[in-house]
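S.K.: any chance you can model this:
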Amino acid sequence: MNRIWITIIFAAFTPFMALAADEPQVEDLNTQLMRATVKISHEKSTGTGFVLLKGERYLLVTAAHVFDKTPGDETTVIFRSKQSEGDYTKEPTKLAIRKDGKPLWTRHPTEDVAVIWIAPPKNADLPQILTELVASDDQLRKQKIHPGDRLACLGYPHQEEGSKAGFPLLRDGPIASFPLLPTAKTKTFFMSMNIFEGDSGGPVYLVRPGINNSSDDVRLILGLVTGQRFLDEEAKMVYGTTKLRHRLGLAVVVHASFIKESVDLLK
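M.R.: Below you'll find the model as predicted:
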């Protein structure tokens with residue numbers, strides 16, 4: 001009799017189990033931002049940027065000095081198109097950054113952040129990451145973001161790419177400085193990680209697994225890479241002196257609140 005009831009119960013729940021298994025899984029933020037991060041390429045300046053969606057339009061976020069160091073009226077943004085599973089092709093796209101010598105991007109009034117509207121190729125493989133994912137001070141407080149929280153970042157160190165399709169490289173490290181709030185006063189924070197030329201403008205973000213299920217995951221963009229810290233010393237030699245530069249393994253990250261302010265300034 002017990003076997004009969006077990007069979008009936010299993011048969012009743014099987015359709016629901018099948019439906020749950022067939023539900024599309026939400027792509028993790030690491031993969032989404034991997035697809036949304038692009039190389040900004042010019043023979044005089046190479047950096048990193050990431051593409052967000054505001055309303056129905058895409059915008060590109062990067063460090064302002066990436067555009068500042070790019071001469072001329074345009075640069076190239078390397079998108080990608082998906083041909084089949086595991087097969088992607090680079091889609092270099094020209095982006096006008098100046099007109100009559102005047103910048104077309106919107107720069108934050110005080111911080112190293114730039115945003116510009118962009119029209120990706122129609123076949124570009126881009127996730128729809130909304131600007132709402134950029135963290136505010138209130139979200140930092142709510143999620144109790146603190147030193148030691150491990151963050152990830154994406155970039156192109158020394159123009160290096162993660163694949164022939166031009167995807168970025170992912171690295172991670174803990175928040176290495178305090179205090180974080182209010183960001184209007186602290187402006188930047190340190191992340192314990194070596195960065196290199198080409199990383200500037202890359203997204204820095206947090207993925208914290210939820211307690212119950214993936215719907216509780218904390219997914220926030222906390223800022224962008226803008227520089228690194230060095231120790232400079234002067235060594236005395238027999239016939240003169242030479243300067244030595246040592247990396248301290250500290251990335252300088254501009255707080256996300258300044259990204260939000262820059263986006264709000266877009267015309």
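
S.K.: pull out the buried residues from stretch 138-155.
M.R.: 139-140, 145, 149, 151-155 (16 or more other CB atoms under 10 Å). Glycine gets a C-beta too; all of them are placed from N, C-alpha and C.

S.K.: render the CA-only coordinates of it in CSV, please.
M.R.: Extracted in CSV, the C-alpha atoms of stretch 138-155 (Å, rounded to 0.1, in the frame of the first residue of the first chain):
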residue,chain,number,x,y,z
ASP,A,138,22.8,53.2,0.4
GLN,A,139,23.4,49.8,-1.3
LEU,A,140,26.9,49.7,0.2
ARG,A,141,25.4,50.3,3.6
LYS,A,142,22.6,47.8,3.1
GLN,A,143,25.0,45.1,2.0
LYS,A,144,27.6,46.0,4.6
ILE,A,145,30.4,46.2,2.1
HIS,A,146,33.7,46.2,4.1
PRO,A,147,37.4,45.7,3.9
GLY,A,148,38.2,42.1,3.1
ASP,A,149,35.2,41.7,0.8
ARG,A,150,36.6,39.9,-2.3
LEU,A,151,35.9,41.8,-5.5
ALA,A,152,36.6,40.9,-9.2
CYS,A,153,37.7,43.1,-12.1
LEU,A,154,38.0,42.7,-15.8
GLY,A,155,40.6,44.3,-18.1
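
S.K.: ok, back up a step: closest to Val263 out of the buried residues of stretch 138-155?
M.R.: Set against Val263, the nearest of these by CB to CB is Gln139 (15.3 Å).

S.K.: the closest one: what secondary structure?
M.R.: Taking DSSP: H, G, I helix; E, B strand; the rest coil as the rule, one finds Gln139 in the helix state.

S.K.: residues contacting it?
M.R.: Applying CB atoms under 8 Å, 6 or more residues apart in numbering, we find Gln139 in contact with Leu220.

S.K.: state the distance from the residue positioned nearest the centre of the chain to Pro179.
M.R.: In the chain, the centroid-proximal residue (CA atoms, centre = their mean) is Pro203; its distance is 2.0 Å. Here Pro203 is placed at a distance of 22 Å from Pro179 (CB to CB, to the nearest Å).

S.K.: and stretch 31-45, what's buried?
M.R.: Buried, per 16+ other CB under 10 Å, within stretch 31-45: 32-42, 45.

S.K.: let's have these in JSON lines, adding pLDDT and distance to Met237.
M.R.: Shown next, in JSON lines, are those (pLDDT from 0 to 100; distance: CB to CB, whole Å):
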{"residue": "Gln32", "pLDDT": "97", "distance to Met237": "51"}
{"residue": "Leu33", "pLDDT": "98", "distance to Met237": "46"}
{"residue": "Met34", "pLDDT": "97", "distance to Met237": "46"}
{"residue": "Arg35", "pLDDT": "98", "distance to Met237": "49"}
{"residue": "Ala36", "pLDDT": "98", "distance to Met237": "48"}
{"residue": "Thr37", "pLDDT": "98", "distance to Met237": "43"}
{"residue": "Val38", "pLDDT": "98", "distance to Met237": "44"}
{"residue": "Lys39", "pLDDT": "98", "distance to Met237": "39"}
{"residue": "Ile40", "pLDDT": "98", "distance to Met237": "39"}
{"residue": "Ser41", "pLDDT": "94", "distance to Met237": "38"}
{"residue": "His42", "pLDDT": "89", "distance to Met237": "37"}
{"residue": "Ser45", "pLDDT": "82", "distance to Met237": "33"}
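
S.K.: for those, which one is nearest Arg57?
M.R.: Closest approach to Arg57 among the buried residues of stretch 31-45 (CB to CB): Ala36, at 14.5 Å.

S.K.: dihedrals phi and psi, the closest one?
M.R.: In terms of degrees, to the nearest 10, the main-chain angles of Ala36 are phi -90, psi -10.

S.K.: I figured it hits Val51, correct?
M.R.: Yes. Using CB atoms under 8 Å, Ala36 is in contact with Val51, at 4.9 Å.

S.K.: in this structure, where is pLDDT below threshold?
M.R.: Under the criterion pLDDT under 70, the flagged ranges of the chain are 1-26, 213-215.

S.K.: who are the packing partners of the lengthiest strand in it?
M.R.: In the chain, ranked by residue count with DSSP state E as the criterion, the top strand is strand 218-237. Identification of packing neighbours for strand 218-237 by 3 or more CB pairs under 8 Å, 6 or more residues apart in numbering; DSSP states H and E yields strand 150-155, strand 188-192, strand 203-208, strand 240-255, helix 256-265.
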